[in-house]
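Undergrad: Take a look and give me a structure for this.
(2 chains)
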Amino acid sequence: MLDIKQIRKEPDKVKELLSRRGADFKLDKLLDIDKIRREMLIKSEAIKAEQNKVSKLIPTLKKDGKDTKELFEEMKQLSDTAKELDFKIREIDDEISAFLLDIPNMPNENIAIGKDDKDNIEVRKHLEPTKFSYEPKAHWDIGVELGILDFERAVKITGSRFSMFKGMGARLERAIINFMLYTNSSEGGYTEISPPFMVNRKSMTGTGQLPKFELDAFGVRDTDYFLIPTAEVPVTNMHADEIIPGDTLPLYYTAYTPCFRAEAGSAGRDTRGLIRNHQFDKVELVKFVKPQDSYEELEKLTNNAENILKKLKLPYRVVELCTGDIGFSSAKTYDLEVWMPSYGRYVEISSCSNFESYQARRANIRYRDEEGKVQYVHTLNGSSLAVGRTFAAILENYQQEDGSVKIPDVLVQYLNGLTIITKEGL
RNA sequence: GGAAAGGUGGCUGAGUUGGCUUAAGGCGCACGAUUGGAAAUCGUGUGUGGGCUAAUACCCCACCGAGGGUUCGAAUCCCUCCCUUUCCGCCA
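TA: Below is the predicted model of the structure:
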């Protein structure tokens, strides 16, 4: 969340930056109730100071046999007044905190101002879109024909927007995960984490999924737990309510998890194949860094994610998201988009963001700097990569005219030397 | 899921017949003294959040797992919840 002190100090700057997202957040109302709160707080604290003073005198008064009845009556009055004030302050606190939790992060000042994804900026490109001498097939056709994907049975077992990997499909998916994790830990220096796949409400709030986007998440019945929509949630919240020793920063983590998203609003788009499902696998990168390093770290993290695509020899481009398209908690985001022949365009496969102190403030993640001062860390994360979409991209970009699919070189060692998936080979 | 015990500052550990505790003592840590240097010893300091403020200076408020309550006053009494440990049950 945003810093209420900053909103007080430079309201115009905050308003201006937030307005670049294309919405109005009524900060004046927030500032009004904040002012009332502080006035009441000063009164309440003055009363408590008085109570403390008197309390220290009472034992002596009693010992001297003085009559304290009148004093007690006075103090009772004060105490009641303080309680009334505190009750109102608590109400305002709840109101302020609900308000702040619903306000998104301020976009970084330097990113492109825009309305939606049409205003995003292509930063760079790697490899040309794959060319075919025949009409390329979509991954859902390739996978089903090879018998490595089974959508019909997934729908039978669960429902629409679920998928199932079979035989070499399941093995290929596992190979992709292992390749990503291994590359991230051995080359990127990320520590591998295998976190819980369900988290509590506090964790979902810490990273920004709640309270505003509760409908997008799957809750677990009769509990207050949620299936994680991304490993970002458990891994970022690892350090919630902690003060991290400054000399241990930066911290790099990578985690493979399934991800569960209800995404009620997106029904109707990308209805076929692996692109938009309620459950998908993802390998995530998460960083905790010092504020002054966070933008350099974002570049490095994006490069780490790109590195996976490069090694897989998949054509992709890097897009800088404009102010109208960045996520709720993000200050700056690069999307990696892979070439998807069936779509005839690039499709998002990774999203790398710098959240600055926004999540750190929500989740209370701090560190002690060189001068011993406690301050909020900056958090970052990015997918490296979404596994289902990587699977789809491999099928589509590595497909052969006879319906088989070549295995990218870097994955061969994870498949015991297998170089091609054919129907006969199953 | 059942039973019991317990959650105190960076760690350890007192305090639970409510008020000389503004949380004792010890360890650790930081600085200083001592020393040729070190150890030992001695001294001083040692948290987080909030308010006020130019201030990361004073001062004030809050915090003994979390949240309520009783009281002039709560680490201490009451209620609810969470967690930990041990034992039992169930189970991969």
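Undergrad: use CA for all of it now, contacts and neighbours both
TA: Will do.
Undergrad: Contacts only, for the closest residue to RNA strand B within the stretch 101-250 of chain A.
TA: Per C-alpha to the nearest atom of the strand, A:Ile243 is where the stretch 101-250 of chain A lies closest to RNA strand B, at 7.9 Å. Residues in contact with A:Ile243 (C-alpha atoms under 8 Å, 6 or more residues apart in numbering) are A:Ile365, A:Arg366, A:Tyr367, A:Arg368, A:Val374.
Undergrad: Wasn't it part of a helix?
TA: No. Assigned with DSSP: H, G, I helix; E, B strand; the rest coil, A:Ile243 falls outside any helix and is strand.
Undergrad: Tell me, what's the model's pLDDT at it?
TA: pLDDT recorded at A:Ile243 is 90.
Undergrad: What's opposite it in the beta bridge?
TA: Taking DSSP bridges as the rule, A:Ile243 bridges to A:Arg366.
Undergrad: how about the strands in the stretch 1-150 of chain A?
TA: Using DSSP state E, counting those that start in this stretch, the strands of the stretch 1-150 of chain A run over A:121-126.
Undergrad: Up against RNA strand B, what does it have?
TA: A:5, A:38, A:41-42, A:45-46, A:48-53, A:55-56, A:58-59, A:72-73, A:75-76, A:79, A:90 (C-alpha under 7 Å from any atom of the strand).
Undergrad: Filter the residues you listed down to the buried ones, PyMOL style.
TA: Listed next is the PyMOL selection for buried residues among those, using 16 or more other C-alpha atoms under 10 Å:
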select buried, chain A and resi 41+75+79
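Undergrad: quick one: which of the residues of the stretch 1-150 of chain A next to RNA strand B sit in helices?
TA: With DSSP state H as the criterion, helices contain A:5, A:38, A:41-42, A:45-46, A:48-53, A:55-56, A:58-59, A:72-73, A:75-76, A:79, A:90 from among those.
Undergrad: ok, back up a step: can you put the contacts of A:Ile243 in TSV and add distance to A:Val233, pLDDT and neighbour count?
TA: Below are the contacts of A:Ile243 laid out as TSV (distance: C-alpha to C-alpha, whole Å; pLDDT from 0 to 100; neighbours: other C-alpha atoms under 10 Å):
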residue	distance to A:Val233	pLDDT	neighbour count
A:Ile365	13	94	25
A:Arg366	17	92	25
A:Tyr367	19	92	23
A:Arg368	23	87	18
A:Val374	23	90	15
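Undergrad: so which of these also contact RNA strand B?
TA: Near RNA strand B, by the rule C-alpha under 7 Å from any atom of the strand, you find A:Val374 out of the contacts of A:Ile243.
Undergrad: Closest to RNA strand B out of the contacts of A:Ile243?
TA: Among the contacts of A:Ile243, and counting by C-alpha to the nearest atom of the strand, the member closest to RNA strand B is A:Val374, at 5.4 Å.
Undergrad: and A:Glu242, what does it touch?
TA: Per C-alpha under 8 Å, 6+ apart, neighbours of A:Glu242: A:Asn364, A:Ile365, A:Arg366, A:Tyr367.
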